[in-house]
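Student: let's see this in three dimensions:
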Amino acid sequence: MMDEPRTDPSELRFGEALSQLESIVRELESGDLELEDSLERYQRGVGLLRACRDRLKDAEAKVTSLLEEIEQDAEDTR
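Tutor: Model prediction:
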């Protein structure tokens, strides 16, 4: 069984989701899991990967927006 809590991946902070994903990858790579356990972890990993990608996409959008604001401020002061 998984040691990680069954929290919805979208509710986790990026670092927590990434840590759980890394743990799952190690478990899957070990080859020591039964088929059903492997499938369960793989499904959890897909959810965690999606959550991480969404967080990265959101962060990129925020950085882009902030850079555009800075550029606009610079143009306004010219």
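Student: so which elements touch the longest helix along the chain?
Tutor: For the chain, the helix that runs over the most residues, judged by DSSP state H, is helix 35-76. When contacts are defined as 3 or more Cβ pairs under 8 Å, 6 or more residues apart in numbering; DSSP states H and E, helix 35-76 sits against helix 14-30. From N, CA and C alone the C-beta is placed, and that goes for glycine too.
Student: mean confidence for the helix it packs on?
Tutor: For helix 14-30, mean pLDDT is 97.
Student: can you give me the buried ones in it?
Tutor: Glu16, Ala17, Leu18, Gln20, Leu21, Ser23, Ile24, Glu27 (16 or more other Cβ atoms under 10 Å).
Student: repeat for stretch 32-45
Tutor: Applying 16+ other Cβ under 10 Å to stretch 32-45 flags Arg41, Arg44, Gly45 as buried.
Student: could you find the closest non-adjacent residue to the last one?
Tutor: In space, not counting the residues next to it along the chain, Gly45 is nearest to Ile24; the distance is 4.4 Å by Cβ to Cβ, 6 or more residues apart in numbering.
Student: average model confidence for the longest helix of the chain?
Tutor: Mean predicted lDDT for helix 35-76 stands at 96.
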